[in-house]
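Trainee: A structural model of the following input is requested.
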Amino acid sequence: MKSQIMPVVLDIETSGLDRARCGVWQIGAIDLNTMEEFLQESRIDNDDFIESDALLVIGKTEEDLRDEQKISQRDLLANFYKWIEKKAMRNVLCQNPQFDVSILEMRAKKYGIKKTIQHRAFDLHTIAQVMHLKNREEFLVKAARENGNFESDMNLTNILQMCGLPDKRTQIVDGKIMQKGNPHNALEDCKLTAECFSRLLYGKNMFPEYSKYEIPEELRK
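Mentor: Just a heads-up that it's a prediction; the model follows:
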């Protein structure tokens, strides 16, 4: 991998998928220029909603998310924005930046905090779809449940599979546990995102803990 300026990998864990009602309780990030890591947790706000599916995915209880011993959600965002402010590149790399970046921006506005990340983000989903199209001459899609139209099926589980990596995290579909595994963790998901980014674009392993998983031939070409 040539020496170049790289983005900051970002992932958040929330109390649910409703961006307007649910809170952020964990932020993880990795500066790919220095490999410096950021991981902090907070209590969510008193008026934040908690979805039952979220508790199953993260392996937490409502008491965990509202623990008064933890820093406030406002302080969590302020600490993260202070951390990323002086990074070489303040564009972030996410699996789903439409969710992660937007909910942070909504919270920053709520607290009156100046956001220090750039508005453009690197999208792992798009990178994976482009590589899938290049190697297999089609996008990875599925039929939507609502109306039978097609939609992208390139979630992180499928990206990991494409990159030769297992997904050991708990998987929930329609409120049912489809796979029991590790609770979702923002920093661990950052590592998975960065490892896939490296394999997709450079055909190379990034983290030692994933070196035992062979990179697919089509990514090493």
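
Trainee: just checking, what's the longest helix in this structure?
Mentor: Secondary structure of the chain per DSSP state H: the longest helix is helix 186-202.

Trainee: what's the following helix or strand after that helix?
Mentor: helix 217-220 (DSSP states H and E).

Trainee: Name the residues of that next one that come out as buried.
Mentor: Across helix 217-220, burial judged by 16 or more other CB atoms under 10 Å covers L219. Using the backbone N, CA and C atoms, a C-beta is placed for each residue, glycine as well.

Trainee: just stretch 10-26 next, same as before
Mentor: 10-16, 19, 22-26.

Trainee: Which neighbouring elements make contact with the longest helix of the chain?
Mentor: Applying 3 or more CB pairs under 8 Å, 6 or more residues apart in numbering; DSSP states H and E, we find helix 186-202 packed against strand 8-14, strand 24-31, strand 37-43, strand 92-94, helix 124-136, helix 156-162.

Trainee: Just want the angle from the longest one to strand 8-14.
Mentor: Spelled out, that is helix 124-136. Inter-element angle recorded for helix 124-136 and strand 8-14: 120 degrees (by axes from the mean of the first three to the mean of the last three CA atoms, to 10 degrees).

Trainee: and helix 124-136, how far from the chain's centre?
Mentor: Relative to its chain's centre, helix 124-136 lies at 18 Å (CA atoms, centre = their mean, to the nearest Å).

Trainee: quick one: strands adjacent to the helix or strand following that helix?
Mentor: Next along the chain after helix 124-136, taking DSSP H and E as the criterion, comes strand 141-143. Note on strand 141-143: by DSSP bridges, its sheet partners are strand 150-152 (antiparallel).

Trainee: Other residues contacting the helix or strand where A54 lies?
Mentor: Using DSSP H and E, the element containing A54 is helix 52-58. The contact list for helix 52-58, computed with CB atoms under 8 Å, 6 or more residues apart in numbering, reads 13-17, 22, 61-62, 169-170, 172, 175, 177, 183-185.

Trainee: Rounded mean pLDDT for it, please.
Mentor: Computed over helix 52-58, the mean pLDDT rounds to 92.

Trainee: shift numbering so it begins at 54
Mentor: Renumbered: residue one is now 54, and that last one reads helix 105-111.

Trainee: Okay, buried residues for the helix or strand just after it please.
Mentor: Downstream of helix 105-111, the next assigned helix or strand under DSSP H and E is helix 115-118. Residues of helix 115-118 classed as buried: L118 (neighbour count, 16+ other CB under 10 Å).
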